[in-house]
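**Q** 3D, please:
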Amino acid sequence: IDLRAAANQPIGNEDQAIQLVFNGEVYNFQDLRRGLVARGHTFRSHADSEVIVHLYEELGERAIDELDGMFALGLWDNRTGQLLLARDRAGKKPLFVWHHRERVVFASEMKALAAHPDLELAVDEQAIPSYFLYGYAPHPQTFYRGVSHLEPGTLAVFDRHGRRHD
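**A** Numbers count the residues shown, from 1 in each chain. Below is the predicted model:
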């Protein structure tokens, strides 16, 4: 929505303790923004993604419930040491996750995961029958071993050690 450098991602709050990467669109961001400004939040962009950052400052994980839109997002909170991954309720935007021990790698496109230097994607042979039956691998399965889809409407929370807490 805002193509200026101020809206580039990752986008953070004022002290950069919260960082967000986001793919999608928040339809109600203008209403949310007005409320946040009225409560004292300062914005440097007009991006819907910055609204998510400030809403998270107020509501924590509950901020995701306030978003009306199509999105996949990753939000790092350096204060709590938590990574939040979330998808919209309808699942319009995908979110692929590879989780191994202390490492969590995520992307809204498989080609971004494939570009990660520490991942060696291998075909998951167990997904092949699904492809022939349905033409796709049913959620949360993907065609790659160790990579799953985050389910629509899901919020996954990981601590700084890669442990999932949701």
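**Q** Who are the contact partners of the closest residue to residue 56 other than its chain neighbours?
**A** Of all residues not flanking residue 56 in the chain, residue 63 sits nearest, at 4.4 Å (C-beta to C-beta, 6 or more residues apart in numbering). (Each C-beta comes from the backbone N, C-alpha and C, glycine too.) Contacts of residue 63 were listed using C-beta atoms under 8 Å, 6 or more residues apart in numbering, and they are 52, 55-56.
**Q** do the same with residue 50
**A** Counting by C-beta under 8 Å, 6+ apart, residue 50 has contacts 7, 11, 43-44.
**Q** Output these as a markdown table; include the columns distance to residue 159, neighbour count and pLDDT.
**A** Converted to a markdown table, these look like this (distance: C-beta to C-beta, whole Å; neighbours: other C-beta atoms under 10 Å; pLDDT from 0 to 100):
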| residue | distance to residue 159 | neighbour count | pLDDT |
| --- | --- | --- | --- |
| 7 | 29 | 17 | 84 |
| 11 | 22 | 22 | 96 |
| 43 | 29 | 17 | 94 |
| 44 | 29 | 14 | 92 |
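**Q** all helices of the protein, in order?
**A** For the chain, the helices defined by DSSP state H cover 29-38, 48-59, 110-114, 128-134.
**Q** Work out the gap between the third one and the centre of the chain.
**A** By that I understand helix 110-114. 15 Å (C-alpha atoms, centre = their mean, to the nearest Å).
**Q** how far away is residue 41 from residue 72?
**A** 24 Å (C-beta to C-beta, to the nearest Å).
**Q** Which one's more surrounded, these two?
**A** Using other C-beta atoms under 10 Å as the criterion, residue 41 and residue 72 rank with residue 72 on top: 24 against 18.
**Q** which residues does that one bridge with?
**A** residue 23, residue 87 (DSSP bridges).
**Q** you'd agree it is up against residue 88?
**A** Yes. Using C-beta atoms under 8 Å, residue 72 is in contact with residue 88, at 7.5 Å.
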